[in-house]
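Chemist: Sequence and computational prediction follow.
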Amino acid sequence: MQRKGKAVLRIAGNRKDRHSKAKEETSAARERLYTDSKGSQRNSSAMLGTGKAKSNTEKRNKNRKETKQMKTMEVRITFFEEVLGTSPADEDIYRNFIGSKAPDAASVEEEIEALGADAVAEKGMTVFARTEEGKPALYDYHFKGFFKDTCSMLARVKGSESSKMVAYKKEIDGLIFVNPRLVELEIPEGKTMGVCQRPLRASTALGERVALAMSESVPAGTSCVLEITTLIENSGTKVRKKKVKTKNEAGEIVEDTVEVESGGVDYMKMIREWLDYGKLRGIGQWRNSGKGRFTWEELRCW
């Protein structure tokens, strides 16, 4: 019995050793298979990824029109309504404003008595900037401000070039420039500068308030020449396919695929659109009344 028991234990031990060895071989084979398959998957994924990226790049290039770079246009603007000045006549306006808040500041009546009515009125008048020769002029930022104001209005007009613009203030500030810095205004022969006086009405919490304003003006027929530069002519247009439903001759609704252009802004076309808007709404003070309206002509473009 004892000998038989030892034989059973020996057989069981051999069987256990064989089982452990087979288990180790199976694990090693699985590990080799996993490593090989992982490497081949990585290689195939890299190849597929490269091919996919290349395919997407080619597709984007195919569906996007070429983006053209810097373009400059020289234009002549002719005002058919008088233009009002926007700069304060008083060079010390900020100092005087703060001084007027002092407890012992002179009243308007006292100022008129001391300086005279004309001198007090001139202090509150808005005027034009002057060139070195003393001729009236507008700064480049007046025109950029006009572009922003115009774009904000035309953005509401469906189908306009301005309606495609996103973050238009940032685009105008960084991509569109006006030269020279000081744009000289050419007054027609036989005409002189004048003064425009008008009431300003405002609705406040205390009720209707009325004030008087006075501005220096240049007459209708005044013109100026300036250059408008855009760093890009167009932002590129994406062409994508879109499914649309239409009715055929039999009256049945069918699905068709059409190519649609989107995302592109033609900057030169948009600038011309803004300049055309100058016939309706002008530049400078009191433009809502029709002051500062103009026509324009393109002199050259390069």
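Modeler: The structure has been received and is ready for your questions. Numbers count the residues shown, from 1 in each chain.
Chemist: Okay, now the unreliable bits of this structure?
Modeler: By pLDDT under 70, the weakly predicted segments of the chain are 1-23, 26-68, 90-123, 235-240, 242, 259-263.
Chemist: Tell me where it has strands.
Modeler: 69-79, 83-84, 87-88, 126-127, 129-130, 136-139, 176-179, 182-184, 194-204, 207-218, 223-232, 238-247, 253-262, 294-301 (DSSP state E).
Chemist: if you compare the ones you listed, which one is most tucked away?
Modeler: Of all the strands of the chain, strand 83-84 has the most neighbours on average by mean count of other C-beta atoms under 10 Å, namely a mean of 28. C-beta coordinates here come from the backbone N, C-alpha and C atoms, glycine included.
Chemist: which outside residues touch it?
Modeler: Where contact means C-beta atoms under 8 Å, 6 or more residues apart in numbering, the residues beyond strand 83-84 that reach it are 126, 138, 185, 196, 215-218, 222, 282-286, 291-292.
Chemist: same deal with stretch 289-302?
Modeler: 71-84, 196, 198, 225, 268, 272, 275-276, 278-287.
Chemist: Can I get that stretch as CSV, trimmed to CA atoms?
Modeler: What follows is stretch 289-302, C-alpha atoms only, in CSV (Å, rounded to 0.1, in the frame of the first residue of the first chain):
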residue,chain,number,x,y,z
SER,A,289,-28.8,114.1,-40.2
GLY,A,290,-27.1,113.5,-43.6
LYS,A,291,-23.9,115.5,-43.0
GLY,A,292,-20.7,114.2,-44.4
ARG,A,293,-22.3,112.0,-47.2
PHE,A,294,-20.1,111.4,-50.2
THR,A,295,-19.5,109.7,-53.5
TRP,A,296,-16.2,108.1,-54.5
GLU,A,297,-14.1,107.0,-57.5
GLU,A,298,-11.4,104.5,-57.8
LEU,A,299,-8.2,106.0,-59.2
ARG,A,300,-6.0,102.9,-59.3
CYS,A,301,-5.5,99.5,-57.7
TRP,A,302,-2.4,97.4,-57.2
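Chemist: What sits closest to Gly278 if chain neighbours are left out?
Modeler: The spatial neighbour of Gly278 that comes closest, neighbours along the chain excluded (C-beta to C-beta, 6 or more residues apart in numbering), is Phe294 at 4.6 Å.
Chemist: So what's the residue count around Ile271?
Modeler: Using other C-beta atoms under 10 Å, Ile271 is surrounded by 22 other residues.
Chemist: separation between the closest residue to it other than its chain neighbours and Trp274?
Modeler: Leaving out its chain neighbours, the residue that sits closest to Ile271 by C-beta to C-beta, 6+ apart is Ile228, at 5.8 Å. Taking C-beta to C-beta, to the nearest Å as the measure, Ile228 falls 9 Å from Trp274.
Chemist: Need the overlap of contacts for those two.
Modeler: In the contact map built from C-beta under 8 Å, 6+ apart, no residue is linked to both Ile228 and Trp274.
Chemist: need the strands of the chain in a markdown table with distance to Lys158, can you?
Modeler: Output for the strands of the chain, formatted as a markdown table (distance: least, C-beta to C-beta, whole Å):
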| stretch | distance to Lys158 |
| --- | --- |
| strand 69-79 | 26 |
| strand 83-84 | 31 |
| strand 87-88 | 37 |
| strand 126-127 | 37 |
| strand 129-130 | 38 |
| strand 136-139 | 32 |
| strand 176-179 | 23 |
| strand 182-184 | 33 |
| strand 194-204 | 32 |
| strand 207-218 | 36 |
| strand 223-232 | 23 |
| strand 238-247 | 18 |
| strand 253-262 | 14 |
| strand 294-301 | 24 |
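Chemist: just checking, Met153 touches Trp274?
Modeler: No - at 9.8 Å, Met153 does not count as touching Trp274 under the criterion of C-beta atoms under 8 Å.
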